[in-house]
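Chemist: Kindly generate the corresponding structure for this input.
(chains A and B)
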There are 2 protein chains.
Amino acid sequence: MIKVAVWGAGMMGQGLLRFILDRPRDLELVGVIDRHPEKHGMTLGGLLGEHYDHDVAITADHDTVLALGPDVVCILTASNLHEITDQVEAAIRADADVICIAETLSYPWATDAEWAERIDELAREHGVSVLGTGINPGFILDALPIMLSSVCLRVDRIEASRINDLSPFGPTVMSSQGVGTTVEQFKAGIADGSIVGHIGFHESIGLIAYALGWEIDRVEETREPIVSTVERSTPHVHVAPGNVAGCRHIARAYDAAGALKIELVHPQQIHPGLEGVETGDYIHIVGDPEINMSNCPEVPGGKGTYASVGNYIPLIGGAVPGIITVVDMPLPRFLSPTE
Amino acid sequence: MIKVAVWGAGMMGQGLLRFILDRPRDLELVGVIDRHPEKHGMTLGGLLGEHYDHDVAITADHDTVLALGPDVVCILTASNLHEITDQVEAAIRADADVICIAETLSYPWATDAEWAERIDELAREHGVSVLGTGINPGFILDALPIMLSSVCLRVDRIEASRINDLSPFGPTVMSSQGVGTTVEQFKAGIADGSIVGHIGFHESIGLIAYALGWEIDRVEETREPIVSTVERSTPHVHVAPGNVAGCRHIARAYDAAGALKIELVHPQQIHPGLEGVETGDYIHIVGDPEINMSNCPEVPGGKGTYASVGNYIPLIGGAVPGIITVVDMPLPRFLSPTE
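Modeler: From the prediction side, this is the model:
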């Protein structure tokens, strides 16, 4: 029986809570932390639906939850290291393992090596492990191509792309991808950093290079507007023909000799099907043998992310202390729900 | 630097030897054992080509090779547990980790639990690990669907198929798959056990059930002739129209309630393309989300198998002692050759 606390009860956290509550023989939910006052005191039945009624209430008081001694704290709150520092540190100081969906934590050395060293040391002092995972980074553009490379005799280059549909997401995602902007607004948004494209390319490249022992000399990125020729709409955004339906973000990593080693392509847009674009995950390993994998449609980002977190819960107890990556973990696998 | 001995210098062993010799900074080849007298005293340059010249000679004298203290002994000799017992035991008694392509060793409890217990205990006594791997079992029909299941919230059933081309293989494989027989001869061969189809379904089912915590109640198998409508030939076999080009072997695993949980399909034949059949590896996870993965063409069986063995060499030193499976190992990954 593993005692689990969940930090962050947004869409991702709610998905993970259902996953945990479906497995009462393996996982014991000890607390739910959320900073939004409108959720405080809410029961899980109120948040997740009657079927998930449970005596744990949602609170902002993380000290009280951490004092209950969770074995694992799952953090589903934000993307950037500086946004999760306090949460990760508090969980470590409570001697809990951490599994977190912050994209940057999947390979934190990519954005802030000093942060990574400091948290790694703290985790080792407390004998706990800190893992960043999710569908991407954490699976489609890194762990899966790494796994596939293990049946190769030679790997010259890894190319992977993930063509997904942003339609289910809310206004935050729309604005960070530039959905609904004019081409001019898109360019301005890229220039001022308000349109960011995908967060996670540097982490996926870091994971692949780490796993395969490759030295990457430089990474080049491009972010281009996906200009729609048709009208596309979601409850949160409207895209007129000629305006931007999403962001085509590409990262290319080269070695010191200038050879392209890793190319990751992630065009994110709403309703790609309206222009005949099929969504999917694609991995091409150029080597011997060549690998040409496709998964259509793509693994949905939300479900895939909280499923990954939930399925790593039984595995993290056996991991070495410190910051670890999906590359250091055993082969992940589905945790069957309690019958 | 990992000291490696290779036991078995057939096609699989030769592929692994090239893999090892391409990585002189990580792997040190200490010996090559083979029982065929015509290879004894041969140099590796003679066996593998000039580029692979090396001072290790091929010998039948395994004691002398094992006395050199290899860290890892790779065994690429046979399929069945009773055929590899002496080799595995000798390697364990020499305090070496073992990586072996015997299909039955990927999950030895499936065919001989007593053998597995005995070897597991011996390996623990010597503090070494014993791993069975290969393309199948070991990857396509087990490790890969298990890995993909980790981004699922619900897994009702795993269906996987591997449609491959046997054309490159030699006469042993042709006769074990019934290639070139009449339909009558095929049926007689299935009845008397001389035509076996795929070896490894019970192991793949065992690995999936072990990883996902599923209880399998019964496994049903069918083996049917793939009757050719066209002429198909290889250097080793000729198939006239109306005769058998291969064996369509299917295994289905059910739980106690009678629900189909795992369906593995492996039609093995020569030149499937002559009748428009595209080769490939296909994984379908029925659950939430559904996964629909394909890899076309299939990962070649030979290369994929010895690549898998070679790429596990740097990982097995960190494994717990005893018989282990690909499910217990870290995420496998390509070992880059020395520049």
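Chemist: okay, CA-based contacts and neighbour counts for the rest of this
Modeler: Noted.
Chemist: Would you quantify the distance from A:P168 to A:N295?
Modeler: In this view, A:P168 and A:N295 are 20 Å apart by CA to CA, to the nearest Å.
Chemist: ditto for A:G318
Modeler: From A:G318 across to A:N295, the span is 31 Å (CA to CA).
Chemist: what about these two, which has more around it?
Modeler: A:N295 (22 against 11; other CA atoms under 10 Å in any protein chain shown).
Chemist: which one is that one nearest to, not counting chain neighbours?
Modeler: Of all residues not flanking A:N295 in the chain, B:M293 sits nearest, at 4.2 Å (CA to CA, 6 or more residues apart in numbering or on different chains).
Chemist: just A:H36 next, same as before
Modeler: Using CA to CA, 6+ apart, the nearest residue to A:H36 is A:A60, at 7.6 Å.
Chemist: A:T181 too?
Modeler: A:V244 (5.4 Å).
Chemist: Backbone dihedrals for that neighbour, please?
Modeler: phi -100, psi 120 (degrees, to the nearest 10).
Chemist: From what I see, it and A:E224 are in contact.
Modeler: No - counting by CA atoms under 8 Å, A:V244 does not reach A:E224; the two are 9.6 Å apart.
Chemist: Tell me which of the two has more neighbours.
Modeler: Between A:V244 and A:E224, counted using other CA under 10 Å, the more crowded position is A:V244 (28 against 17).
Chemist: distance of that one from A:H236?
Modeler: A:V244 is 14 Å from A:H236, by CA to CA.
Chemist: Spit out the contact partners of A:M1.
Modeler: A:25-28 (CA atoms under 8 Å, 6 or more residues apart in numbering or on different chains).
Chemist: try it again with 10 Å
Modeler: A:23-28, A:71, A:314 (CA atoms under 10 Å, 6 or more residues apart in numbering or on different chains).
Chemist: What is the nearest of those to A:I140?
Modeler: For the contacts of A:M1, the closest approach to A:I140 (CA to CA) belongs to A:P314, at 21.1 Å.
Chemist: Tally up the residues packed near the closest residue to A:T104 other than its chain neighbours, please.
Modeler: Distances taken as CA to CA, 6+ apart put A:N80 closest to A:T104, at 5.7 Å, once the chain neighbours are dropped. Under the neighbour criterion other CA under 10 Å, A:N80 is assigned a count of 16.
Chemist: ditto for the one 4 residues further on
Modeler: Look at A:I84: counted by other CA under 10 Å, it has 18 neighbours.
Chemist: for the spatially most central residue of chain A, helix, strand, or coil?
Modeler: Against the mean C-alpha coordinate of chain A, by CA atoms, centre = their mean, the closest residue is A:G134 at 3.4 Å. Recorded secondary structure, A:G134: coil (DSSP: H, G, I helix; E, B strand; the rest coil).
Chemist: Could you list the buried residues of stretch A:155-171?
Modeler: For stretch A:155-171, the buried set under the neighbour-count rule, 16 or more other CA atoms under 10 Å in any protein chain shown, comprises A:155, A:157-167, A:169.
Chemist: from the residues you listed, which is closest to chain B?
Modeler: Taking CA to the nearest CA as the measure, chain B lies nearest A:V155 of the buried residues of stretch A:155-171, at 7.6 Å.
Chemist: and A:I323, what are its phi and psi?
Modeler: When quoted as degrees, to the nearest 10, the phi and psi of A:I323 stand at phi -80, psi 130.
Chemist: dump the residue contacts of it.
Modeler: A:97-98, A:105-108, A:116-124, A:128-132.
Chemist: Enumerate the beta-bridge partners assigned to the residue nearest to A:T181.
Modeler: Beta-bridge pairing of A:V244 under DSSP bridges involves A:V227.
Chemist: Check the spacing between it and B:N80 real quick.
Modeler: Taken as CA to CA, the span from A:V244 to B:N80 is 60 Å.
Chemist: per-residue confidence at the residue nearest to A:T181?
Modeler: What the model reports as pLDDT for A:V244 is 98.
Chemist: Same check on A:V88?
Modeler: 98.
Chemist: Is my assumption valid that it occupies a position in a helix?
Modeler: Yes - remark: A:V88 belongs to a helix, assigned using three-state DSSP.
Chemist: Pull the number of nearby residues for whatever residue of the stretch 1-150 of chain A ends up closest to chain B.
Modeler: Among all residues of the stretch 1-150 of chain A, A:S150 sits closest to chain B, at 4.2 Å; criterion: CA to the nearest CA. A:S150 has 26 neighbouring residues, counting by other CA under 10 Å.
Chemist: quick one: it and B:I140, what's the gap?
Modeler: For A:S150 relative to B:I140 (CA to CA), the value is 12 Å.
Chemist: How about A:E290?
Modeler: In terms of CA to CA, A:E290 sits 15 Å off from B:I140.
Chemist: now do A:H236
Modeler: For A:H236, the distance to B:I140 (CA to CA) stands at 41 Å.
Chemist: coming back round to it: next up, the contacts around the residue nearest to A:N295.
Modeler: Here B:M293 is in contact with A:280-282, A:293-298, B:145, B:148, B:160, B:281-285 (CA under 10 Å, 6+ apart).
Chemist: give me the number of residues near A:E83?
Modeler: 12.
Chemist: was I right about it contacting A:T77?
Modeler: Yes - the pair A:E83 and A:T77 passes the contact test of CA atoms under 10 Å, sitting 8.4 Å apart.
Chemist: Identify the contacts common to those two.
Modeler: Jointly contacting A:E83 and A:T77 under the rule CA under 10 Å, 6+ apart are A:A102.
Chemist: For the residue nearest to A:T181, give me its contacts.
Modeler: A:177-186, A:224-229, A:232, A:238, A:269-270.
Chemist: Just confirm A:E159 contacts A:L144, I think it does.
Modeler: No - counting by CA under 10 Å, A:E159 does not reach A:L144; the two are 11.8 Å apart.
Chemist: Can you report phi and psi for A:A211?
Modeler: Backbone geometry at A:A211, expressed as degrees, to the nearest 10, gives phi -70, psi -40.
Chemist: Surely it is in contact with A:M329?
Modeler: No - using CA under 10 Å as the test, A:A211 is too far from A:M329 to be in contact (11.7 Å).
Chemist: Quick check: residues of the stretch 51-200 of chain A near chain B?
Modeler: Selection of the stretch 51-200 of chain A residues close to chain B by CA under 10 Å from any CA of the partner chain yields A:134-135, A:139-140, A:143-156.
Chemist: Which ones among the residues you listed lie within helices?
Modeler: A:143-149 (DSSP state H).
Chemist: which two in these are spaced the farthest apart?
Modeler: Longest span within these, CA to CA: A:A143 and A:S149, 9.9 Å.
Chemist: shared neighbours of these two, which are they?
Modeler: B:332-333.
Chemist: Grab the longest helix from chain A for me.
Modeler: Under DSSP H, chain A gives helix A:301-316 as its longest helix.
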